[in-house]
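> here is the input, now give the coordinates:
(chains A and B, ligands or ions: 2)
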Amino acid sequence: MPVNAANLSEERVAYLEGLVSQARAAAAVFTQYTQEDVDHIVKPMVLAGLEQAQYLARLAIEETKLGVVEDKAIKNMVATEFVYDYVKDKRTVGVIREFPERGVVEVADPIGVIFSLTPITNPTSTVLFKCIMAIKTRNAVIFSPHPSAGRCCFEAVRIMYEAAVKHGAPEGVFTCLQGHTLEDNAYLMHHKDVGLIDATGGPGAVKAAYSSGKPALGVGPGNTPVYLEKTADLNMAVVDIITSKTFDNGTICASEQTVVIDDGIYDRVLTKFAELGCHICNEDEAALLGRTVIDPKTGFMQPMAVGQKATDIARMIGLSVKPNTKLLIAPIHGVGREHPLSVEKLFPVLAVYRAQSVDEAMKVCIDVNHAGGLGHTAVVFSRNEAIIQKFGEVINAGRIIVNSPGSIGALGGVYNDMVPTFSFGCGTGGGNSTTDNVNVYNYLNIKRVARRTQAHMWFRIPNQIYFNINAVENLRHFPSRSTIIITNPAMEQIGHVDIVRRYVPAETLVHVSVIPDAEPDITIVMQGVEALNFYKADQIIALGGGSVIDAAKLMKLKYESPEADLQELAAPFLDLRKRVVQYPTNKTSNARLVAISTTSGTGSEVTPFAVMTDKQHGRKVTLADYSLSPDVAIVDPQFVMSMPKGLTADTGIDCLTHALEAGVSIFGSPYTDSNAMQAIRLVFRYLPISYEHPENEEARGMMHNAACIAAIAFSNASVGVNHALAHAFGARFGVAHGRANALMLPHVIAFNAAVPTKFMPSPNQRGYIAHKKYAMMADLLGLGGKTVEEKVQNLIAATEHLLDQLAVPRSIAEMGISREDFERAIPDLVKTAFDDPSWRSNPRMPLLSELTELFWSAYRGRGAAKTADAAQKKTVDEWLCV
Amino acid sequence: MTMTTVPAYLEIDADQVSESLQRVCEKLTASHDDVCLDFANVRRIGPDSLKVMEKLAGLAEEKAVKASLRGVNVNVYRVLKLARLTSRFSFLS
Ligand SMILES: NC(=O)c1ccc[n+]([C@@H]2O[C@H](COP(=O)([O-])OP(=O)(O)OC[C@H]3O[C@@H](n4cnc5c(N)ncnc54)[C@H](O)[C@@H]3O)[C@@H](O)[C@H]2O)c1
Ligand SMILES: [Fe+2]
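Residues are numbered from 1 along each chain as shown, chains lettered A, B, ... in the order given. Ligands and ions are numbered 1, 2, ... in the order given. Below you'll find the model as predicted:
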């Protein structure tokens, strides 16, 4: 039943408010302290605690009547000296950790006011521990001790407080409730000025803390299982268990509760326990213990037994044992309500279980763990690493103590290198927020100051690119036993295949595989793979446009790694370096891919992309990975002389689009910019000539280079929203890729040059720069203009002028697509364009409404942009040699 | 004709913050003038000073005069914020 603080008297409320406002003021003042100030206070507090360790132990025993004075004194020393040893060099104020390589700095901030409940079992040690943590972290604490340990805790708080204030801590930093009730606790747990509740105590206190709705550190109850495995050092194990279970008469909640012993060593272990002063109960005695020290109604331990000596418990229940008996050991045959001793017993009564196998032992330990001790502590004694590891995996405990005592082991710092604590976080299993040994870091708000970092960028291209007329002769330098030329019918007819064959070394067996004149699909790819396998090819020469080269890339992939799943590899991704699917690195065959492009547009001969048609789903998918890049690219203009006008225009504009988009891409870098800018310059200069004078070798050669250079740029910087729009529109209305790009191009430049409605996150850029990049391109082209805006307008005008020269329709409408058909297609077009990965590198994030508007602008057509004035137009024309 | 009251400028002594503040309280009790406390030399404040600041805020409110603080450093400002006192004073740079 929830405790209601509304019943508190006015005076009591005033008293509690006084405590809070005092703590709040102290905490506020404390924020000004430096690390040195704090460390200067902590040391004398620790010394004062050590000085008074025995005195406080006596007070605790007198008041609580639980435990052993010597052990309590030791606990007080651990709580001060060991905790100090852990915290003394730790930074807990201001910058506490720096990760220069990640640009991250951690800064510690205090919590403010902590409301802290302390238990009856470890009363003064818990207070000492928490006081040291609080000062080290610049927090103020209001203590609420267990009512049966109020006086000793008050005294412990007083000793700590006086030492702290004497050395400069703010007044009011610690207070301790006196004569308090659950209503007081409820009032403070809900108080707006309390920042954290640190509840070390029984399940009631912990539950109340977590139910308050405040951030809370709570600890769960324990029921420590111990697996004593046959390879263990038995002498050590038995002594450790006795040491631990008798420590402060078993009041530490991490102490051993049930020891599960392998059958082969069971009798020997019990004999050792007996030899060292433990009483081994027979079945009747065990049953008597079970009836008496465990409450038959609740199934929990009887409070009267908690922290009592074994001999006193024996006397209480009428069991005859030798004087100085250390432990009462009772065999059990299972776990659960029918086996009362299988639960937590915070007194020197230990259950033992004989296990026939490792499996059985682990299962019983799991049962004990789940019988009230989830998330707390477990112990294993073994020399078998595999068993220790398995135990660590299957047991749900924040602390898994290996070959050492459970209780003292869990406290940390004595038998192991865990953090010293008096609060054991039990994770979600114990209803807690942490599995930590609660420590100073749980008393801090750790802030991360994260500096802007620059993501690593890359610039990758095939390591051999041969260009200029007759570059194909370089094929002579590539030895091959068996080569397959992948090409399409047109290349055979024109005679290109013969030229290529001429330069393949004479000893090479050459086979020509002619694939249909279409974008590749899985059937075409698999046919090619069959041929590659049949001829055991070690070289593939792709001779054709983007479609042929892409087909060859995919054939190589499936030939070298037959298990590669093309559908899976086409999965979407945001960042190449972090994507989910990985391309295969295991290869069963190896073939060199030489790409000879016969169009001047896609630049597929150097790109890491391959576009494939997925006929089953009626869509195009793009595979992207640097492993797809051809090994050798041959950019020989003799193969493009035969391109008809339309193809020259469309592929040329595709090339320009690649360069313009890579130029403003958020993945752009000085490396890609240099290529993008040069490609733009070459296209504006040589595309009109290639188009008008197809026989002009220089112009053809420069356009062929431009396509390759633009592809180098977009292979590393990617493209943008123009491609997303063109892919959607081209697929829907069967319009060639380059032409679809052309229809969108002026509108996209205008869109990207305007102030974005939505910015694209781009850690590698300082501010929005797309319009400035366009202005730079206009300058490079010598288009004139004074302001950035004028330059952008001139670039748009020059682009439109180029499109006019190439006889690209001015609008989608002009292509004969009716308004009604277009309007009907718009929802699908927008959806497809939005799903297209191309725009993820666009400088401006397109909203759905903006994609719609861009499609409509392309429908209405170009020419809306302010045309460059007559003088400027003249310069452009002169410059473009028209 | 408009009347302007020139606030009394009072420098807070860095070594005796709470005593200085106490003196301001006394002044305020005896007059009805706005006050402006110069914190430029104050590096830190303690719990006792906070108490006096609280009292000072109460007095100013009671007398309906304006209490301004000048030159408060960021650390001290944060303390006043945590102690919920910033809304009860005005701050001058
Ligand atoms: N891999 C990449 O990086 C990349 C980039 C952009 C586009 N693509 C893809 O590339 C394909 C388009 O490639 P493309 O534009 O090179 O066209 P293409 O390869 O589809 O060829 C178009 C047509 O032109 C003919 N042809 C090619 N070269 C010729 C020549 N020299 N003389 C006469 N006719 C010739 C072809 O036979 C074909 O009929 C599309 O599938 C597109 O999605 C790939
Ligand atoms: Fe393209």
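
> tell me what the helix or strand that contains residue A:183 is packed against?
Here residue A:183, judged by DSSP states H and E, is contained in helix A:182-189. Where contact means 3 or more C-beta pairs under 8 Å, 6 or more residues apart in numbering or on different chains; DSSP states H and E, helix A:182-189 is packed against helix A:10-30, strand A:113-118, strand A:140-145, helix A:203-211. (Glycine included, C-beta is placed from N, CA and C.)

> if we use 7 Å, what do you get?
In this structure, helix A:182-189 packs against helix A:10-30, helix A:203-211, with contacts taken as 3 or more C-beta pairs under 7 Å, 6 or more residues apart in numbering or on different chains; DSSP states H and E.

> now these in a markdown table, with distance to residue A:63 and mean pLDDT?
As requested, those are exported to a markdown table (distance: least, C-beta to C-beta, whole Å; pLDDT from 0 to 100):
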| stretch | distance to residue A:63 | mean pLDDT |
| --- | --- | --- |
| helix A:10-30 | 22 | 96 |
| helix A:203-211 | 18 | 86 |
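
> so how far is ligand 1 from the residue of chain B found nearest chain A?
In chain B, the residue found nearest to chain A is residue B:82; the distance is 3.6 Å by C-beta to the nearest C-beta. Per C-beta to the nearest ligand atom, to the nearest Å, residue B:82 is found 60 Å from ligand 1.

> thinking again about what came up before, chain B is nearest to which of the helices and strands packed on helix A:182-189?
Going by C-beta to the nearest C-beta, the one of the helices and strands packed on helix A:182-189 nearest chain B is helix A:10-30, 3.6 Å.

> is the closest one up against chain B anywhere?
Yes: Helix A:10-30 comes into contact with chain B (C-beta under 7 Å from any C-beta of the partner chain), by way of A:24-29.

> how about the closest residue to residue A:683 other than its chain neighbours, secondary structure?
Excluding its sequence neighbours, the residue lying closest to residue A:683 (C-beta to C-beta, 6 or more residues apart in numbering or on different chains) is residue A:656, at 4.5 Å. For residue A:656, the assignment made with DSSP: H, G, I helix; E, B strand; the rest coil gives helix.

> all the strands of the stretch 551-700 of chain A, in order from the start?
A:592-597, A:609-614, A:619-624, A:632-635 (DSSP state E, counting those that start in this stretch).

> report all helices and strands that the second one contacts.
If contacts are counted by 3+ C-beta pairs under 7 Å, 6+ apart, strand A:609-614 sits against helix A:546-560, strand A:619-624.

> what's the burial count for residue B:25?
Using other C-beta atoms under 10 Å in any protein chain shown, the number of residues around residue B:25 comes to 18.

> element containing it, please.
Per DSSP H and E: helix B:17-30 holds residue B:25.

> and the contacts of that helix?
B:10, B:12-13, B:35, B:37, B:42, B:45, B:48-49, B:52-53, B:55-56, B:59-60, B:63 (C-beta atoms under 7 Å, 6 or more residues apart in numbering or on different chains).

> narrow those residues to those that are buried.
Buried residues within the contacts of helix B:17-30, counting neighbours by 16 or more other C-beta atoms under 10 Å in any protein chain shown: B:10, B:12, B:35, B:37, B:42, B:45, B:48-49, B:52-53, B:56, B:59-60.

> please, where are all the strands along chain B?
Shown for chain B, the strands assigned by DSSP state E span residues B:8-11, B:35-38, B:67-70, B:90-92.

> one more: the stretch 301-450 of chain A?
Going by DSSP E, counting those that start in this stretch, the stretch 301-450 of chain A shows strands at A:327-331, A:349-355, A:375-381, A:397-402, A:444-450.

> report the angle between the first one and strand A:349-355.
Taking axes from the mean of the first three to the mean of the last three C-alpha atoms, to 10 degrees, strand A:327-331 and strand A:349-355 form an angle of 30 degrees between their directions.

> run the chain-centre distance for strand A:327-331.
48 Å (C-alpha atoms, centre = their mean, to the nearest Å).

> who's in contact with the closest residue to residue A:300 other than its chain neighbours?
Leaving aside its sequence neighbours, residue A:300 sits nearest to residue A:343 (C-beta to C-beta, 6+ apart; 6.5 Å). Residue A:343 is in contact with A:223, A:294, A:299-301, A:371-372, counting by C-beta under 7 Å, 6+ apart.

> how about the helices and strands packed on helix A:182-189 in TSV, adding mean neighbour count?
Listed next are the helices and strands packed on helix A:182-189 as TSV, based on neighbours: other C-beta atoms under 10 Å in any protein chain shown:
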stretch	mean neighbour count
helix A:10-30	19
helix A:203-211	18
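
> could I get those helices as TSV with distance to residue A:333?
As requested, the helices and strands packed on helix A:182-189 are exported to TSV (distance: least, C-beta to C-beta, whole Å):
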stretch	distance to residue A:333
helix A:10-30	51
helix A:203-211	27
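
> what number of residues lie near residue A:578?
Neighbours of residue A:578 using other C-beta under 10 Å come to 7.

> just the CA trace of stretch A:486-499, in PDB.
Output of stretch A:486-499 as PDB, limited to C-alpha atoms (Å, rounded to 0.1, in the frame of the first residue of the first chain):
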ATOM      1  CA  ILE A 486      30.900  -8.900 -73.600                       C
ATOM      2  CA  THR A 487      29.300  -6.600 -76.100                       C
ATOM      3  CA  ASN A 488      26.000  -6.000 -77.900                       C
ATOM      4  CA  PRO A 489      25.000  -6.500 -81.600                       C
ATOM      5  CA  ALA A 490      25.600  -2.900 -82.700                       C
ATOM      6  CA  MET A 491      29.300  -3.100 -81.700                       C
ATOM      7  CA  GLU A 492      29.800  -6.200 -83.800                       C
ATOM      8  CA  GLN A 493      28.100  -4.600 -86.800                       C
ATOM      9  CA  ILE A 494      30.100  -1.400 -86.500                       C
ATOM     10  CA  GLY A 495      33.300  -3.400 -86.400                       C
ATOM     11  CA  HIS A 496      34.300  -2.300 -82.900                       C
ATOM     12  CA  VAL A 497      34.700  -5.900 -81.800                       C
ATOM     13  CA  ASP A 498      37.200  -6.600 -84.500                       C
ATOM     14  CA  ILE A 499      39.300  -3.700 -83.500                       C
END
